[in-house]
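Asks: need coordinates for the below:
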Amino acid sequence: DDHEALYNKGIALSALGRYEDAIASYDQAIEINSDYAEAWLARILPLSQLERFEEAQASQQKALELKPDLIESLTQPDELEKRFTQINQAFNSNPDNWQVLVARGSMLFMQGDHEAALKDIDSALEIEPNSYQTLFLKAAILIALTQSEESLTILERILAMNPGSHEAYYLQAGCYGLQENVEKALLALEKAINLNSDYRQAAATEESFDAIRDDEQFQKLLNNN
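Replies: The predicted structure is shown next:
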């Protein structure tokens, strides 16, 4: 679904530190499905990273109105540290809730504790192994940990589940770009662009492609309007 694709795109953009773009992607998902609690919740992380705490609080409140059990013990914290503390409280009261594990993993990821984030995401996948969004978040964390081969394995699994996942193709292209594998990077990037032309503009400034930016075929793909 389009709103889920935009949600996953937001995760990818957050992984790349593009917080404004991530928020815009989540907002587009919400425009399609205003009751998408997960997108409202996901907005908290990039908003907090940008120190837009009032907006983060409002987004959190909306998520909890839509799905009160998403994070059971969250109330109305106005700071990132308090929010993280209460996610921990929710985890302690319900450690088998995979959505709480994903929420805590997401928060750890945004705080830069990638190893701890990966542990939570892996625990969530043990409970709910086929969660598309959780797998996508794992791929993003692995990229941040410079484990591109492991990320590519997860992305292949995602694409097997959803061959039309343009955001997965884009992350895949970024992984190959980091590896300076021009041929595979271009193949994946072309698939992403064919599914969503917005990636042509995004790739023009994406740091993952810096090592191959001067390649003639890369430039040709970006300029092929």
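Asks: what about the helices in this structure?
Replies: 2-15, 19-32, 37-49, 53-66, 80-93, 98-110, 114-127, 132-144, 148-161, 166-178, 182-195, 198-203, 216-222 (DSSP state H).
Asks: mean pLDDT lowest where, among the ones you listed?
Replies: Sorting the helices of the chain by mean pLDDT places helix 80-93 lowest, at a mean of 60.
Asks: give me the residues contacting stretch 170-184.
Replies: Residues outside stretch 170-184 that contact it (Cβ atoms under 8 Å, 6 or more residues apart in numbering) are 9, 12, 15-16, 136, 139-140, 143, 146, 148, 151-152, 155, 159, 185-186, 188-189, 192, 199, 202-203, 206, 208-212, 215, 217-218. C-beta coordinates here come from the backbone N, C-alpha and C atoms, glycine included.
Asks: start and end of that stretch, how far apart?
Replies: 11 Å (Cα to Cα, to the nearest Å).
Asks: likewise stretch 28-47?
Replies: Counting by Cα to Cα, you get 15 Å between the two ends of stretch 28-47.
Asks: if we can go back for a sec, could you dump the helices of the chain to a markdown table with mean neighbour count?
Replies: Below are those laid out as a markdown table (neighbours: other Cβ atoms under 10 Å):
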| stretch | mean neighbour count |
| --- | --- |
| helix 2-15 | 23 |
| helix 19-32 | 20 |
| helix 37-49 | 24 |
| helix 53-66 | 18 |
| helix 80-93 | 16 |
| helix 98-110 | 24 |
| helix 114-127 | 19 |
| helix 132-144 | 24 |
| helix 148-161 | 18 |
| helix 166-178 | 26 |
| helix 182-195 | 19 |
| helix 198-203 | 18 |
| helix 216-222 | 14 |
